[in-house]
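Novice: I'll drop the sequence and a predicted model, then ask my questions.
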Amino acid sequence: MPKGVRLTIDAKQMIESMRQKGVEFDFSKHLEFSFEEGLTTFRNSRLLIFDANAIGLLRQNLIVELGVEQAREFFLRFGYQHGFSDLRQMKVSFEYKDDAELLCMGPLLHTYEGIVKAIPKDLKFNFKTREFYFTGIWKNSYEADQHRAFNTISNEPVCWSLAGYASGWSTAFFGSPLLAIEPCCVGMGDDHCEWLIQPPSKFGPEAAPYIEALKIFWDPSSLK
């Protein structure tokens with residue numbers, strides 16, 4: 001599909017597209033384990049395998065030592081770099097029939113990595129008018145589970161690294177700042193998590209701490 005054409009995909013179409021792509025793209029076939037070198041790689045990228053509980057303890061220690069605001073900033077940036085790097089890796093390592101297929105690989109890869117089950121719902125984007133709108137459901141978020149293991153119900157979304165990842169992946173894809181925020185989250189007592197990705201200016205005051213955390217990655221003029 002040529003750039004600049006408005007694209008709308010409903011949930012059923014998107015999930016089927018991801019399912020078919022999952023059959024063609026077997027993540028395990030692209031992993032290499034070198035016991036001699038102590039390296040695990042995905043194409044040219046080195047991977048590290050950690051227990052989720054260890055990451056959860058690290059996360060909680062940061063919350064205790066730095067406070068929620070700084071811990072959130074840390075994990076938003078961590079996730080952003082992860083997502084941005086994954087998009088660039090996938091873009092040069094695999095071929096895609098159109099832009100939508102490349103974008104859909106973000107939720108698919110996030111799922112393969114064991115971070116969360118990502119199920120897209122609605123997608124609309126237009127490179128010429130700079131419109132972007134992407135929603136979906138996150139199930140079995142490791143971050144929500146870890147947050148609930150240490151803390152009571154939160155008044156705000158807690159899947160910071162997931163939101164950072166989605167922001168980084170989408171920004172690398174679109175070429176201008178995009179922000180992911182959860183309208184609902186297991187960490188807030190909801191039965192599942194959801195994401196909404198759109199330009200930062202489309203959000204209200206709830207986006208302020210996210211923008212503050214991620215603005216180091218963005219050209220200030222692009223936020224106006």
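Specialist: Perfect, thanks for sending it.
Novice: now the helices for this structure?
Specialist: Ranges of helices in the chain, per DSSP state H, are 11-24, 52-66, 68-93, 99-112, 142-150, 160-174, 208-214.
Novice: C193: which of those is closest?
Specialist: helix 142-150 (5.9 Å; CB to CB). For glycine as for every other residue, the C-beta is placed from the backbone atoms N, C-alpha and C.
Novice: pLDDT averaged over the closest one - what is it?
Specialist: What helix 142-150 shows for mean pLDDT is 96.
Novice: Buried residues, it. List them.
Specialist: Y142, E143, A144, D145, Q146, H147, R148 (16 or more other CB atoms under 10 Å).
Novice: try stretch 85-94
Specialist: Buried-residue list, stretch 85-94, by 16+ other CB under 10 Å: D86, L87, Q89, M90.
Novice: right, and out of those residues, which lies closest to I211?
Specialist: For the buried residues of stretch 85-94, the nearest to I211 is L87 (20.1 Å; CB to CB).
Novice: pLDDT score for the nearest residue to the closest one once chain neighbours are set aside?
Specialist: Nearest residue to L87 in three dimensions, chain neighbours excluded: A172, at 3.8 Å (CB to CB, 6 or more residues apart in numbering). Reading off the confidence values, A172 has pLDDT 96.
Novice: now, which of the buried residues of helix 142-150 sits nearest S154?
Specialist: Nearest member of the buried residues of helix 142-150 to S154, counting by CB to CB, is H147, at 7.0 Å.
Novice: dump the residue contacts of the closest one.
Specialist: Counting by CB atoms under 8 Å, 6 or more residues apart in numbering, H147 makes contact with G56, R59, S154, V158, G187.
Novice: Cool, thanks, talk later.
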